[in-house]
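**Student:** have a look; sequence and predicted model below, questions after that.
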Amino acid sequence: MRVLFQEGIPNLFFQELESRGFIIERIATQREEALDILKKFPDAEAIFFRANFRIDEKILDTLPRLRLAALVSTGIDNVDISGLTRRKIRFVSGEGANAQAVFDYVVQALCAGRFDFERESLGVVGCGHIGQRLLTFLNSVGVRTKFFDPFREDKGSLEAVLQCDVVTFHTSLSRQGDFATESMLDAEYFSAVKKKLRVIQAARGPLWQREFYHSLHAHPSVQLLAQDVYPDEPPHEKDLSLALFSTPHIAGYSSRGRLGGIVKGIQTLLPDFVSVGLIPAGQAWFLEDEAECFKKNWNSFNALRDGYFWRKEFHEYNEEEKQNFSARYPHVPQRILDALFQFTGVSVAGD
């Protein structure tokens, strides 16, 4: 079987696949270049791709024997689901695989941004895999939280969320329906905000209304604490100056988060495939260091993202790494850090 992998997807499991008779080909992210490559492999039966690669009728027409489309990350707005269904092509995604990694990113942003875990409050928009993890953990350690999710039976309150000290967004990107999220973050959305509101944006860049996003530097109340996604990617150098911390779309890129979606796709082809022993241990990290690296190499967005190092999740830290983290953020109560290093999120039910 010939299997296609988009550039930027780690090749960690290629040797195992090739040992089982699979033929692996790389395809470019850039659309026209990708189409030229796809035309050479009309016999391909599976394609592994990221959220920045559009699967539409033109792509599907080029791959008449395709029977699996595996999105290794999250966000299906670039996938023609109806087209896949009509052609009886199975679709799987990495939904939920990187939830713990993004949870870690948000907590890092709070720590680096000197969030007062004893006195300040966090608002969460979107209560899926990531949002619910945040609420579960923060509520367990006594942090005040508010939430809003129009698709939950208990929707919460957007008004209450916007009165918090920090708000973090964890919604999918949608363009239709009563609660479409594309361009929802605009002047009207934040019109009721009268005090300083710090924003963490690690969901999807197009949640921002572009004109409002580019005027954030002059907003009297809304401030970007951390951003990992941008209305246009790669972002311009000036976009990085809008936030205290800007990173190159790597919030979900822990070793487990980055590889979990790939493993899920492979197991669709090979149900007996086991990744234990193949996933790198990774290393500890600090958000400030990531942001500083990106600031110095702002025009290397894709290279930084595709060549990202293997990263641990907090619950994987050893004692030395825990101590280093605690020393970096002495304002964070030790009881919260202790709970953080034990939290795996496994008890959190997904959508």
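**Tutor:** Great, that's in hand.
**Student:** which stretches of the stretch 151-300 of the chain form helices?
**Tutor:** Here the stretch 151-300 of the chain has its helices, by DSSP state H, counting those that start in this stretch, at 158-161, 210-214, 237-240, 255-269, 287-296.
**Student:** so for the third one, mean pLDDT?
**Tutor:** The predicted model assigns helix 237-240 a mean pLDDT of 96.
**Student:** the second one too?
**Tutor:** Confidence over helix 210-214 (mean pLDDT, whole number) is 97.
**Student:** next: the last one.
**Tutor:** Across helix 287-296, pLDDT averages out at 98.
**Student:** where does Ile23 fall, phi/psi-wise?
**Tutor:** Ile23 adopts backbone torsions of phi -100, psi 120, taken as degrees, to the nearest 10.
**Student:** would you mind measuring the gap between the ends of stretch 52-60?
**Tutor:** 16 Å (Cα to Cα, to the nearest Å).
**Student:** that one: how far from the chain's middle?
**Tutor:** 21 Å (Cα atoms, centre = their mean, to the nearest Å).
**Student:** would you mark the buried spots in it?
**Tutor:** 53, 55, 59-60 (16 or more other Cβ atoms under 10 Å). Using the backbone N, CA and C atoms, a C-beta is placed for each residue, glycine as well.
**Student:** of the helices of the stretch 151-300 of the chain, give the one that comes closest to Glu313.
**Tutor:** helix 255-269 (6.2 Å; Cβ to Cβ).
**Student:** just the CA trace of the closest one, in PDB.
**Tutor:** What follows is helix 255-269, C-alpha atoms only, in PDB (Å, rounded to 0.1, in the frame of the first residue of the first chain):
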ATOM      1  CA  SER A 255       5.800  14.500  22.000                       C
ATOM      2  CA  ARG A 256       2.500  12.800  22.800                       C
ATOM      3  CA  GLY A 257       0.400  15.600  21.300                       C
ATOM      4  CA  ARG A 258       2.400  15.700  18.100                       C
ATOM      5  CA  LEU A 259       2.500  12.000  17.600                       C
ATOM      6  CA  GLY A 260      -0.900  10.900  19.000                       C
ATOM      7  CA  GLY A 261      -2.800  11.800  15.900                       C
ATOM      8  CA  ILE A 262      -0.400  10.000  13.700                       C
ATOM      9  CA  VAL A 263      -0.600   6.900  15.800                       C
ATOM     10  CA  LYS A 264      -4.400   7.000  15.600                       C
ATOM     11  CA  GLY A 265      -4.200   7.100  11.800                       C
ATOM     12  CA  ILE A 266      -1.700   4.300  11.600                       C
ATOM     13  CA  GLN A 267      -3.800   2.100  13.900                       C
ATOM     14  CA  THR A 268      -6.700   2.500  11.500                       C
ATOM     15  CA  LEU A 269      -4.500   0.800   8.900                       C
END
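**Student:** buried set for stretch 215-226?
**Tutor:** Quick answer for stretch 215-226 (16+ other Cβ under 10 Å): 216, 222-226.
**Student:** out of those, which are inside strands?
**Tutor:** Using DSSP state E, the members of the buried residues of stretch 215-226 that fall within strands are 222-226.
**Student:** format the residues you listed as JSON lines; extra columns: pLDDT.
**Tutor:** JSON lines is the format used below for those (pLDDT from 0 to 100):
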{"residue": "Val222", "pLDDT": "98"}
{"residue": "Gln223", "pLDDT": "97"}
{"residue": "Leu224", "pLDDT": "98"}
{"residue": "Leu225", "pLDDT": "98"}
{"residue": "Ala226", "pLDDT": "98"}
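**Student:** what's near enough to touch Gln209?
**Tutor:** 183-187 (Cβ atoms under 8 Å, 6 or more residues apart in numbering).
**Student:** low-confidence ranges in the stretch 201-350 of the chain?
**Tutor:** Low-confidence segments of the stretch 201-350 of the chain, defined by pLDDT under 70: 346-350.
**Student:** show me how this structure divides into domains.
**Tutor:** Listed domain ranges for the chain are 2-93, 99-252+287-340 (source: automatic domain parsing).
**Student:** so can I have CSV of those domains showing distance to Asp272?
**Tutor:** Output for the domains of the chain, formatted as CSV (distance: least, Cβ to Cβ, whole Å):
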stretch, distance to Asp272
domain 2-93, 10
domain 99-252+287-340, 25
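**Student:** please, where are all the strands along the stretch 1-150 of the chain?
**Tutor:** According to DSSP state E, counting those that start in this stretch, the stretch 1-150 of the chain carries its strands in the segments 2-6, 23-27, 46-49, 68-71, 90-93, 121-125, 144-148.
**Student:** same check, this time on the stretch 201-350 of the chain
**Tutor:** Counting by DSSP E, counting those that start in this stretch, the strands of the stretch 201-350 of the chain are 222-227, 243-246.
**Student:** leaving out sequence neighbours, find the closest residue to the residue positioned nearest the centre of the chain.
**Tutor:** What sits nearest the mean C-alpha location of the chain, by Cα atoms, centre = their mean, is Gly252, with 4.2 Å. Counting by Cβ to Cβ, 6 or more residues apart in numbering, the nearest residue to Gly252 once its immediate chain neighbours are dropped is Asn98, at 3.1 Å.
**Student:** residues in contact with that neighbour?
**Tutor:** Contacts of Asn98 (Cβ under 8 Å, 6+ apart): 73-74, 251-254, 256-258, 260-261.
**Student:** and which of the ones in strands among the buried residues of stretch 215-226 is nearest to Phe341?
**Tutor:** Ala226 (20.9 Å).
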